[in-house]
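Undergrad: just a sequence and a predicted model for now, questions to come.
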Amino acid sequence: MSLASVFNIAGTGMSAQSTRLNTISSNIANANTVSSSVDQTYRARHPVFATMFQQSMGDGSGSLFAERDQAGSGVQVLGIVEDQSDLVPRYEPNHPAADEGGYVYYPNVNVVEEMADMISASRAFQTNVEMMNTAKQMLQRVLTLGQ
């Protein structure tokens, strides 16, 4: 793995954390929306990440433990899934969106958990930026070795 591949790995991490921040902001924005039907109520969404591995060269020059010690080459977003936990029904018969029984349904978004996830995603993004800055500084120092 070359030092230049750090930029690609950190870039995929930054992209994944941006997707995570977008879904978190969508969840928080819809936390107080209501509906008179369970089917029409917003459900929290969460991204699913997976590690991308380097492709084996197949020339026999790799490690004896290549399958176990394979270095990751970044992260990818496999998709965004809806949270299937129960929605929050509230008895509010005077609400304009209430159903026949007087219930309105609120999304299954926990704003406190979303805020904690937002801080975590923000810190992970910052860490990837620091990785890029460190790799850049190292490459600049390599260029000054011959002087």
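TA: Okay, I see it. Numbering: from 1, shown residues only.
Undergrad: next, the buried residues of the helix ranked longest in the chain.
TA: The helix that spans the most residues within the chain, counting by DSSP state H, is helix 111-143. Going by neighbour count (16 or more other C-beta atoms under 10 Å), the buried part of helix 111-143 is 114, 117, 118, 121, 124, 125, 128, 131, 132, 135. For glycine as for every other residue, the C-beta is placed from the backbone atoms N, C-alpha and C.
Undergrad: check stretch 31-49 too.
TA: 31, 34, 35, 36, 41, 42, 43, 44, 45, 47, 49.
Undergrad: start and end of that stretch, how far apart?
TA: End-to-end span of stretch 31-49 (C-alpha to C-alpha, to the nearest Å): 23 Å.
Undergrad: mean confidence score for it?
TA: Confidence over stretch 31-49, taken as the mean pLDDT, stands at 92.
Undergrad: same check on stretch 11-26?
TA: For stretch 11-26, the mean confidence score works out to 96.
Undergrad: give me the contacts around it.
TA: 45-47, 49, 52, 73-77, 80, 114, 117-118, 121-122, 124-125, 127-129, 131-132 (C-beta atoms under 8 Å, 6 or more residues apart in numbering).
Undergrad: sorry, back to before: show me what the longest helix of the chain is packed against.
TA: helix 5-29 (3 or more C-beta pairs under 8 Å, 6 or more residues apart in numbering; DSSP states H and E).
Undergrad: okay, the angle between the helix it packs on and helix 111-143?
TA: 160 degrees (axes from the mean of the first three to the mean of the last three C-alpha atoms, to 10 degrees).
Undergrad: that concludes my questions; thank you for your assistance.
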